[in-house]
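Engineer: 3D, please:
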Amino acid sequence: MCFSHAAPVLLLPFIFAYYRICGTTEDRHAGFDIVGVLQRHSVIPLKKLMRLSAFLGVFYLVADYFWFASFQNLTVAAGAAIFNSSPLFVYCFSICLLNEKLVAIKVFGVLLAFTGVTMVVLYQGGDHAGIGSPSVIGGLMMVISAVLNAGYNVSVALTAGAEINDTSTLMIMMGMSGAFTIPAWLAGTIFFAHSPFPSLYEPIGFPPIAEGNLMLMIGTTMFVTNFIFLTFAVCWTSPLETSVGFMLTIPLSGLMDTLMHSTKFTWECIIGSVLVMTGFLILELSSTHPPTHHSHEESAEKAQLV
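Structural biologist: The predicted model follows:
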């Protein structure tokens with residue numbers, strides 16, 4: 001996991017090489033002044049961008065830890081359905097931090113989706129899954145991951161979305177986030193390798209077989225791709241719309257579980273997944289209403305005043 005989160009640091013030399021070849025005359029004659037080149041193509045001071053990247057990089061790493069750890073006791077489809085509760089928390093955080101308006105139809109969508117998530121948490125392990133069963137514990141860890149990821153998305157919009165809207169600055173921020181993940185990776189490796197709790201113990205090293213390393217490379221490539229598009233989406237649209245888009249993972253992961261693992265789901269779990277997607281659809285539709293007549297009148301009045 002940490003290897004994947006540190007991989008975006010490779011974006012920094014890529015950006016530097018790109019501007020050394022295709023940039024301005026000053027860029028092409030910059031030698032190895034990578035800091036100077038990056039600063040010229042960042043819309044905010046590099047020191048401020050470094051502080052922002054450090055916060056967001058470590059925040060995202062912690063959120064993803066709960067996501068990865070939960071799959072030890074959770075099916076892919078159930079994990080996807082539960083993780084897709086993040087728009088519920090995104091909406092709540094947006095009301096508090098981004099001045100999102102409280103709308104009745106959105107509240108209904110939130111409650112409907114949360115009901116579906118609750119059904120998936122309780123019934124994805126079968127009729128014999130109690131509240132203390134491994135599958136439910138894994139589900140609760142996935143809910144924590146959803147809350148943290150919602151906080152991450154809103155934090156990106158709150159700290160970066162208002163000031164950063166160009167590709168180069170966002171790419172630099174993503175590369176720096178990967179760089180600041182490395183110290184957290186080293187500290188986490190030492191902690192988990194010497195953890196007194198057996199459930200938290202993780203050995204040091206890469207996968208011992210070639211297939212494992214191949215899967216690591218594929219997973220890292222897919223993570224970096226997701227990380228890039230996620231950051232662009234949050235900054236160029238909104239955290240709520242971005243998180244709603246993740247609901248497509250529910251039917252896709254269910255199909256993968258059925259075809260590859262022959263997983264059988266209870267009817268409660270299926271209904272819960274449908275409720276989750278329905279709630280998110282309500283949120284999306286209520287977020288894309290065209291401007292009202294009242295808004296046009298306000299715009300006209302402002303234009304006359306000007």
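Engineer: can you list the residues that contact the host helix or strand of residue 109?
Structural biologist: Taking DSSP states H and E as the criterion, residue 109 maps to helix 104-123. The contact list for helix 104-123 (CB atoms under 8 Å, 6 or more residues apart in numbering) reads 78, 81-82, 84-85, 87-88, 91-92, 129, 131, 136, 139-140, 143, 266, 268-269, 271-283, 286-287. No exception for glycine: its C-beta is placed from N, CA and C like everyone else's.
Engineer: try stretch 275-285
Structural biologist: Contacts for stretch 275-285 (CB under 8 Å, 6+ apart): 81, 84-85, 87-88, 91, 105-106, 108-117, 119-120, 240-241, 244, 247, 250-251.
Engineer: can I have that stretch written out in CSV, keeping just the CAs?
Structural biologist: Extracted C-alpha coordinates of stretch 275-285, given in CSV (Å, rounded to 0.1, in the frame of the first residue of the first chain):
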residue,chain,number,x,y,z
LEU,A,275,-30.5,1.3,-2.1
VAL,A,276,-26.9,2.6,-2.0
MET,A,277,-26.9,3.3,-5.8
THR,A,278,-30.5,4.8,-5.6
GLY,A,279,-29.5,7.1,-2.9
PHE,A,280,-26.4,8.3,-4.8
LEU,A,281,-28.5,8.7,-8.0
ILE,A,282,-30.8,11.0,-6.0
LEU,A,283,-27.8,13.0,-4.8
GLU,A,284,-26.4,13.3,-8.3
LEU,A,285,-29.7,14.4,-9.9
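Engineer: returning to that earlier point: buried set for the helix holding residue 109?
Structural biologist: 106, 109-110, 112-123 (16 or more other CB atoms under 10 Å).
Engineer: about what we covered before: now, the contacts of helix 104-123 that are in helices?
Structural biologist: Of the contacts of helix 104-123, the ones assigned to helices by DSSP state H are 78, 81-82, 87-88, 91-92, 136, 139-140, 143, 268-269, 271-283, 286-287.
Engineer: are any of those buried, and which?
Structural biologist: Buried residues within those, counting neighbours by 16+ other CB under 10 Å: 78, 81-82, 87-88, 91-92, 136, 139-140, 143, 268-269, 272-273, 275-280, 282-283, 286-287.
Engineer: Not counting sequence-adjacent ones, nearest residue to residue 5?
Structural biologist: residue 181 (4.4 Å; CB to CB, 6 or more residues apart in numbering).
Engineer: you'd agree that neighbour is up against residue 58?
Structural biologist: Yes - the pair residue 181 and residue 58 passes the contact test of CB atoms under 8 Å, sitting 7.0 Å apart.
Engineer: Low-confidence stretches in the stretch 151-300 of the chain?
Structural biologist: 161-163, 248, 250-252, 254, 287-300 (pLDDT under 70).
Engineer: residue ranges of the strands in it, please?
Structural biologist: Read by DSSP state E, counting those that start in this stretch, the stretch 151-300 of the chain holds no strands at all.
Engineer: follow-up on the earlier one: can you pull the contacts of the residue nearest to residue 5?
Structural biologist: With CB under 8 Å, 6+ apart, residue 181 has these contacts: 2, 5, 6, 9, 57, 58, 61.
Engineer: ok, 10 Å please
Structural biologist: 1-9, 53-54, 57-58, 60-61, 188 (CB atoms under 10 Å, 6 or more residues apart in numbering).
Engineer: Looking at those, which is nearest residue 99?
Structural biologist: residue 60 (23.8 Å; CB to CB).
Engineer: how far away is the closest one from residue 172?
Structural biologist: Separation of residue 60 from residue 172 (CB to CB, to the nearest Å) stands at 16 Å.
Engineer: Have a look at these two and say which one is more surrounded.
Structural biologist: residue 172 (27 against 23; other CB atoms under 10 Å).
Engineer: my guess is that one contacts residue 13, does it?
Structural biologist: No - contact between residue 172 and residue 13 fails when scored by CB atoms under 10 Å: they sit 11.6 Å apart.
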